[in-house]
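> Okay, here's the prediction I keep looking at, along with the sequence it came from:
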Protein chains: 2
Amino acid sequence: MTDTAPGTASRTPTRRYGTRPTMKDVAARAGVGLKTVSRVVNGEPGVTPDTERRVQEAITALGFRRNDSARILRKGRTASIGLVLEDLADPFYGPLSRAVEEVARAHGALLINGSSAEDPEREQELVLALCARRVDGLVIIPAGHDHRYLAPEMAAGVATVFVDRPAGRVEADAVLADSFGGSQDAVAHLIAHGHRRIGFLGDLPGIHTAAERLRGYHAAMSEAGLPVHDAWVSLGPTDPERVRTAATAMLDAAEPVTALFAGNNRVTVTVVRVLAERPAPAVPVALIGFDDFELADLLSPGISVIAQDSAQLGRTAADLLFRRLDGAGGDPRRLVLPTRLIPRGSGELPPPAAS
Amino acid sequence: MTDTAPGTASRTPTRRYGTRPTMKDVAARAGVGLKTVSRVVNGEPGVTPDTERRVQEAITALGFRRNDSARILRKGRTASIGLVLEDLADPFYGPLSRAVEEVARAHGALLINGSSAEDPEREQELVLALCARRVDGLVIIPAGHDHRYLAPEMAAGVATVFVDRPAGRVEADAVLADSFGGSQDAVAHLIAHGHRRIGFLGDLPGIHTAAERLRGYHAAMSEAGLPVHDAWVSLGPTDPERVRTAATAMLDAAEPVTALFAGNNRVTVTVVRVLAERPAPAVPVALIGFDDFELADLLSPGISVIAQDSAQLGRTAADLLFRRLDGAGGDPRRLVLPTRLIPRGSGELPPPAAS
DNA sequence: CCCGGCGCTGACAACGTTGTCCAGGGGCTA
DNA sequence: TAGCCCCTGGACAACGTTGTCAGCGCCGGG
């Protein structure tokens, strides 16, 4: 790490915080009343062009910028919404956050977001901090299962929309992807290609989507009249280590699974690695993952996935939020967005002949 | 999209905004003075346990939550920082944003972020909106080249750190990756493997990192005494269409390039696709990309890259920002973080024998 | 017994803005 | 020329919080 200090020695005169010019200062300098400055700043009518010019000059001369804190206090609306999600660094949430931001921007609002790191306490802490800031609304991808702490806030008028997972113990709007249906499709797809021993590698069963995907897996299996062996299902944290162990166990069992269904993108990627590292079997293992990911099509074989559009999820939630803010009433709604099966090869591999 | 309304008809009584209880209400209900409530809320000493209990009861009974807008106005500090970047949905920026958030959190601050969409006007608009909110500091990945509009804000005490690209026409802290050195390494690596005709596919030359990478390319070529043909360099928007055309032209030329250096991760991915779609040449084209990306190692061959740690970039910038906020003075600093060459196969492919 | 001091509490102003309301002046009409 | 209205500008309160300061009991020491 190198450190270069530019040659110029011009130091900006560091006025301290709070020493910023206020409308009062601008008014004094322009020789007008306080309210006139306010009018100019907000583009309100009723100011002579000449007066306006004087005020504008004073503003630029002093480097005045309206203090939105005061404005917010006075007006009661912050024109900002909060987004609480698990981890911004996750490629699933980046587009979601961006989509929410775009909708907010269209409504003239800023977005404040926070990562809960899948920790319910941290989620609550963040949400309440946002409420204290008086955000107009909240979009929450919940980490916890009990959101009763939100009841006073919602009663006080903070619009709230849950995304990806429903709220716990409180009635609220929610926008979800069809985890159950998508999983059912995925597993049915594998079954249609001849598989009978299918493994499921999922997230912690406490997470709503993980539970739904498990349910979809079971539904598809039982619909096809197939039994599910305990050893074919592994739920838990999705760190590579655990997934690696679980997948290896399924593949090395006496009666190994011939296909794998990965419960989310992190799991899928780990499984791809595991399969790539194993000595190539006579017949490759089929794989289908929940969540699409970049480059899935460039691997060989391409990885078949159940795609959900996270940006669409965010957009839908934000739209609903602003409709609520615009006064839309009615009971809490639950919107479920469809998923889409994208076959790319890995999910269409047939099982060994003597399956 | 299905829409299910839950059966319960319990409507929460929607108090309107501004109808939230204030400390005054709490004080009245608890039969104490306003300031005593403030003391309890802020955990200040000097309150009898009995009084405190009464106040706490009133708080929960009324569902009171401190209004931070008022607090901010009074105290002058917002305990929030702004992050302006190009696109939160880009996998390069997600980890960066998350890293900044973590540092902010450690300092008790919230993070407000906005996407400039690589549009200078939108960048300015966002930055000034954040300044109006009186964020304590700003982390900016600049889209524009003229940041003089920030001068009054910086003079007023808004700490500002630029990331990934330096500020334009204003003295400010900056944290950069070593684009020049990294590119030099990349091209030298290709040369070391025998290549002499190397193509460079870069971003718009107006973008600082793109210009630096081009400079590194030229430096490595000239250091090796190799000429650079105009047709080997293509700069412009990094949309797949343009990159595809440019790459194809270089590969189909009379004297085709035998290796490609891709100027960023988007370009690299597009090039990988292009190469995958072409009829396999007798000798595969070597490729090295700037920026690492997930799954680069799982492609065949694995894609060699110049890796820069975007999270580290964010962390470093945020650290510097908070050091400034804690009063660290001195001239603006420019920190340059090193890059790292990760060979994975695609960059080590030799050129055709008769090169 | 009185007084100083301490522990607790509350009244009040201030933060910077916006909404309300009123005043003054100029132009237009009768 | 008088009267009226509109147009412009300003004084003032309020938003909800925190910092300052003063008051009120009560206790212990002189």
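Thanks, I have it. Numbers count the residues shown, from 1 in each chain, chains lettered A, B, ... in the order given.
> can you pull the contacts of A:Asp291?
Taking C-beta atoms under 8 Å, 6 or more residues apart in numbering or on different chains as the contact definition, A:Asp291 lies against A:92, A:264-265, A:268, A:305-308. For every residue, glycine as well, the C-beta is placed using N, CA and C.
> ok, now A:Thr339?
The neighbours of A:Thr339, taking C-beta under 8 Å, 6+ apart as the test, are A:177-179, A:181-182, A:185, A:306-308.
> Helices - which of those residues land there?
A:179, A:181-182, A:185 (DSSP state H).
> which among these gets closest to DNA strand D?
A:Ser179 (40.2 Å; C-beta to the nearest atom of the strand).
> residues contacting the closest one?
When contacts are counted by C-beta under 8 Å, 6+ apart, A:Ser179 touches A:208-209, A:212-213, A:216, A:290, A:339.
> Please render the residues you listed as JSON lines that adds secondary structure to the earlier fields.
As requested, the contacts of A:Ser179 are exported to JSON lines (DSSP: H, G, I helix; E, B strand; the rest coil):
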{"residue": "A:His208", "secondary structure": "helix"}
{"residue": "A:Thr209", "secondary structure": "helix"}
{"residue": "A:Glu212", "secondary structure": "helix"}
{"residue": "A:Arg213", "secondary structure": "helix"}
{"residue": "A:Gly216", "secondary structure": "helix"}
{"residue": "A:Phe290", "secondary structure": "strand"}
{"residue": "A:Thr339", "secondary structure": "coil"}
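> wait, isn't A:Val272 in contact with A:Leu287?
Yes - contact criterion C-beta atoms under 8 Å: A:Val272 and A:Leu287 qualify, at 7.2 Å.
> Need the overlap of contacts for these two.
Any residue near both A:Val272 and A:Leu287 by C-beta under 8 Å, 6+ apart counts here, and that gives A:Ile303.
> Of the two, which one has the most company?
The neighbour comparison of A:Val272 against A:Leu287 (other C-beta atoms under 10 Å in any protein chain shown) goes to A:Leu287, with 25 against 20.
> re the thing from before, go through the ones in helices among the contacts of A:Thr339 and name the one nearest chain B.
Checking the ones in helices among the contacts of A:Thr339 against chain B by C-beta to the nearest C-beta gives A:Gly181 as the nearest, at 10.0 Å.
> center of chain A - which residue?
A:Tyr93 (3.8 Å; C-alpha atoms, centre = their mean).
> Isn't that residue up against A:Glu86?
Yes - between A:Tyr93 and A:Glu86 a contact is recorded at 6.6 Å, counting by C-beta under 8 Å.
> Model confidence at A:Ile207, what's the number?
Among the per-residue scores, A:Ile207 shows a pLDDT of 92.
> what sits against it?
Contact partners of A:Ile207, counting by C-beta under 8 Å, 6+ apart, are A:Arg165.
> which secondary structure element contains A:Glu241?
A:Glu241 belongs to helix A:240-252 when elements are defined using DSSP states H and E.
> tell me which residues of that helix are tucked away?
Residues of helix A:240-252 classed as buried under the neighbour-count rule (16 or more other C-beta atoms under 10 Å in any protein chain shown) are A:243, A:246-247, A:250-251.
> same deal with stretch A:22-33?
Buried residues in stretch A:22-33, defined by neighbour count with 16+ other C-beta under 10 Å: A:22-23, A:26-27, A:29-30, A:32.
> Could you do stretch A:201-211 as well?
Quick answer for stretch A:201-211 (16+ other C-beta under 10 Å): A:201-203, A:207-211.
> Pull the number of nearby residues for A:Ala311.
By the criterion of other C-beta under 10 Å, A:Ala311 has 16 neighbours.
> can you confirm A:Ala129 is in a helix?
Yes - counting by three-state DSSP, A:Ala129 falls inside a helix.
> Now do the same contact list for it.
Counting by C-beta under 8 Å, 6+ apart, A:Ala129 touches A:114, B:68, B:110.
> Between those, which sits nearest DNA strand C?
Nearest to DNA strand C among these: B:Asp68, at 12.3 Å, using C-beta to the nearest atom of the strand.
> Please name the residues that touch the closest one.
If a contact means C-beta under 8 Å, 6+ apart, then B:Asp68 has A:129, A:132-134 as its contacts.
> just for the stretch 151-300 of chain A, where's the confidence low?
Across the stretch 151-300 of chain A, nothing is flagged by pLDDT under 70.
> What residues does it have near chain B?
A:151-157, A:171, A:269, A:272-273, A:276, A:293-295, A:298-300 (C-beta under 8 Å from any C-beta of the partner chain).
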